[in-house]
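>>> predicted structure and sequence below. I'll ask about it afterward.
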Amino acid sequence: MIEKVFIFDTTLRDGEQSPGASMNTAEKVRLATQLEKLGVDVIEAGFPAASEGDFEAVTQVAKKVTHSEVAALCRATVSDIDRAWKAVCHAARPRIHTFLATSDIHIQYKLNMTREEVLKAAVDGVKFAATFTDNIEFSAEDGSRTDPDFLCQVFEAVIDAGAKTVNLPDTVGYAIPEEFGNLVKYVMENTPNIEKAVLSVHCHNDLGLATANTLAAIKAGARQAEVTINGIGERAGNTSLEEVVMAINTRPTYAAVTTGIQTKHIYQISRLVSMITGMMVQPNKAIVGANAFAHEAGIHQDGMLKNPMTYEIMKPETIGLNANRMVMGKHSGKHALLKHIKNMGYDLSDEELKIVFKKFKDLADKKKVVMDEDLEALVNQEVLRTSDIYSITYLQVTSGTTVLPMATVKMILNGKEVVGTGSGNGPIDAAFNAVAKLTGTRSQLLRFTVSALTGGTDAQGEVTVRLKEDECIALGRGSDPDIITASAYAYVNGLNRLEYLKMNPASATAGRL
Ligand code: KIV
Ligand code: ZN
């Protein structure tokens, strides 16, 4: 019989632990809505005790999501669990996810406890959580490095205390697939009451094995996979949702399981996560990378023309790539554009649609054909972004071989228009200096990348910047056919995100364990 594997998405919690990937509440709610449409079973919305920002985000996600379960993370302490429940209780289907480390290395050096004390604290935590809900998950942090017999003992005790899901994390990404599969099998065979709970796994990608470990665990009997979109997460990231789901679908006989994921939404949500977090997807990333379906070698192209099955193991349409792709131009009408944007999954208000249509016309004047990627960038840049403290209304730059690069910038700062100039060793440096002077900011530019959103010499440039001010790091993103304008937009977007972090200081380290 084909069994279901529950997909537990932690993009909003562990995913947000990627350095510089913090999202604000509105962005988390938007992403949660799309995750629900994708068909994930559980959305882990945050770690309420970590910060006010996280508490608010979990509360709002809980209020918005109607079908998927919403989970809140907490340590196994009374105050953390209490805080988690206060935020997640608004959900139609709330879950408390409590955790405690069980490996000797964590018990001795991090917790300064004994195994007996850990066992008691885990049970007490689950019992306290059970006073609020019967939907409780317990995670044995650093489970893959825990003595297997102690792991089984903890799982047995927390299941008796009321846990309905027990999670085995490879917290430090140390596991190897065969070994991890054997550990899952051992837990299944040596936890006497395991049939009363779902066994879950949660892998990190430090050795590039998160997907392989998750699949080995599923084959061995795990029935919940904890994943993130694009594999974002702490350090080298978490198991990527799209890789696990597509492996299950493409190799149906490997573990003979299924998921509830509507794969046709994968590409769009991957773009959305990348857009919101400012973390670009590497071109050779499996499933969602720009090159994932690009066949370059002549022999491959020839084979593909004769029969796609020669080199293609998945159809791009399955993940929503190229499906309903519509090329729009300056003669496209408002109605067609709005319908297309809706088909792409954006639910915008009339006011927002008006802004998008105007910006679309401006873009179509500069660029013959407007592709889905252009529209996504436009919608995200113009309406669905971090609320702005700073915005650019005008930019003029002079540069060349014999002139000192100079930029004139008009900006809205706290509702007032201001004008300023700056010079630099190049046009982008000049524009950034003008913006920094006007805003009185002193961030450090850690990284700058530019790429083309689509093919063609008239493609929009997409710029990502990584900015640091004091202890805060933020990413900014901007796009425009003019790469200097795109750079200025990215810089200002990064400054807005830094301001957000400064106003919500705890969210700069939200969720960090
Ligand atoms: O990696 C980890 O151990 C975690 C737990 C809190 C599940 O993220
Ligand atoms: Zn984790």
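Here it is on my side, so go on. Ligands and ions are numbered 1, 2, ... in the order given.
>>> only C-alpha atoms for contact and neighbour calcs from this point on.
OK.
>>> state the pLDDT value of Arg512.
On the pLDDT scale, Arg512 is placed at 38.
>>> grab the nearest non-local neighbour of the residue in the stretch 151-300 of the chain positioned nearest to ligand 1.
Closest approach of the stretch 151-300 of the chain to ligand 1 (C-alpha to the nearest ligand atom) occurs at Thr171, with a separation of 3.7 Å. Residue nearest to Thr171 in three dimensions, not counting chain neighbours: Asp142, with 4.9 Å by C-alpha to C-alpha, 6 or more residues apart in numbering.
>>> how about the one you found, phi and psi?
Backbone torsions for Asp142, taken as degrees, to the nearest 10, come to phi 60, psi 30.
>>> what about it, how many neighbours?
For Asp142, the count of nearby residues is 21 (other C-alpha atoms under 10 Å).
>>> now the one 4 residues further on
If you count neighbours by other C-alpha under 10 Å, Thr146 ends up with 21.
>>> so it touches Thr102, yeah?
Yes. Here Thr146 lies in contact with Thr102, judged by C-alpha atoms under 8 Å, at a distance of 5.9 Å.
>>> spell out which residues of the stretch 101-250 of the chain are next to ligand 1.
Within reach of ligand 1 by C-alpha under 6 Å from any ligand atom, the stretch 101-250 of the chain has these residues: Ser139, Glu141, Asp142, Pro169, Thr171.
>>> identify the farthest-apart pair in those.
Across those, no pair lies farther apart than Ser139 and Thr171, at 10.3 Å, counting by C-alpha to C-alpha.
>>> out of these two, which sits in the busier spot?
Taking other C-alpha under 10 Å, Ser139 and Thr171 do not tie; Ser139 has more neighbours (28 against 21).
>>> what's Gln153 in contact with, if anything?
Neighbour list for Gln153: Thr191 [criterion: C-alpha atoms under 8 Å, 6 or more residues apart in numbering].
>>> wasn't it part of a strand?
No. Read with DSSP: H, G, I helix; E, B strand; the rest coil, Gln153 is helix and lies in no strand.
>>> which pLDDT value goes with it?
So Gln153 comes in at 98 (pLDDT).
>>> how about Asn504?
Note on Asn504: pLDDT of 67.
>>> and what of Arg385?
65.
>>> re earlier: test my guess that the residue nearest to Thr171 contacts Asp104.
No. Counting by C-alpha under 8 Å, Asp142 does not reach Asp104; the two are 9.3 Å apart.
>>> quick one: low-confidence parts of the stretch 151-300 of the chain?
By pLDDT under 70, the low-scoring segments of the stretch 151-300 of the chain are 296.
>>> residue ranges for the strands of it, please.
165-170, 198-203, 224-227, 257-258 (DSSP state E, counting those that start in this stretch).
>>> can you say which of the ones you listed is packed in most?
strand 224-227 (a mean of 28; mean count of other C-alpha atoms under 10 Å).
>>> what are the buried residues along stretch 81-95?
Buried residues in stretch 81-95, counting neighbours by 16 or more other C-alpha atoms under 10 Å, are found at 81-95.
>>> mind checking which of those are in helices?
Judged by DSSP state H, helices contain the following of these: Ile81, Asp82, Arg83, Ala84, Trp85, Lys86, Ala87, Val88.
>>> need the residues of the chain near ligand 1, please.
Asp14, Phe99, Ser139, Glu141, Asp142, Pro169, Thr171.
>>> quick one: Gly426 and Val397, what's the gap?
Applying C-alpha to C-alpha, to the nearest Å, the value for Gly426 to Val397 is 10 Å.
>>> joint contacts of those two?
Residues touching both Gly426 and Val397 by C-alpha under 8 Å, 6+ apart: Pro405.
>>> could I get the full set of helices for the stretch 351-500 of the chain?
For the stretch 351-500 of the chain, the helices defined by DSSP state H, counting those that start in this stretch cover 372-382, 427-439, 483-503.
>>> return the most buried member of the ones you listed.
helix 483-503 (a mean of 24).
>>> for that helix, name the packing helices and strands.
strand 390-398, helix 427-439, strand 461-469, strand 472-480 (3 or more C-alpha pairs under 8 Å, 6 or more residues apart in numbering; DSSP states H and E).
>>> direction-wise, compare that helix with strand 461-469 and give the angle.
Going by axes from the mean of the first three to the mean of the last three C-alpha atoms, to 10 degrees, helix 483-503 is angled at 30 degrees with respect to strand 461-469.
>>> with just CA atoms, put helix 483-503 into CSV.
What follows is helix 483-503, C-alpha atoms only, in CSV (Å, rounded to 0.1, in the frame of the first residue of the first chain):
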residue,chain,number,x,y,z
ILE,A,483,21.7,47.7,-14.0
ILE,A,484,22.8,50.9,-12.2
THR,A,485,19.1,51.6,-11.3
ALA,A,486,18.7,47.9,-10.3
SER,A,487,21.7,48.3,-8.1
ALA,A,488,20.3,51.5,-6.4
TYR,A,489,17.0,49.7,-5.9
ALA,A,490,18.8,46.7,-4.3
TYR,A,491,20.8,49.0,-2.1
VAL,A,492,17.8,50.9,-0.9
ASN,A,493,15.9,47.6,-0.4
GLY,A,494,18.8,46.4,1.8
LEU,A,495,18.8,49.6,3.8
ASN,A,496,15.0,49.2,4.4
ARG,A,497,15.6,45.7,5.6
LEU,A,498,18.4,46.9,7.9
GLU,A,499,16.0,49.5,9.4
TYR,A,500,13.5,46.7,9.9
LEU,A,501,16.1,44.7,11.8
LYS,A,502,17.1,47.7,13.9
MET,A,503,13.4,48.3,14.9
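>>> what's the angle between that helix and strand 472-480?
For helix 483-503 against strand 472-480, the angle by the same axes, to 10 degrees is 150 degrees.
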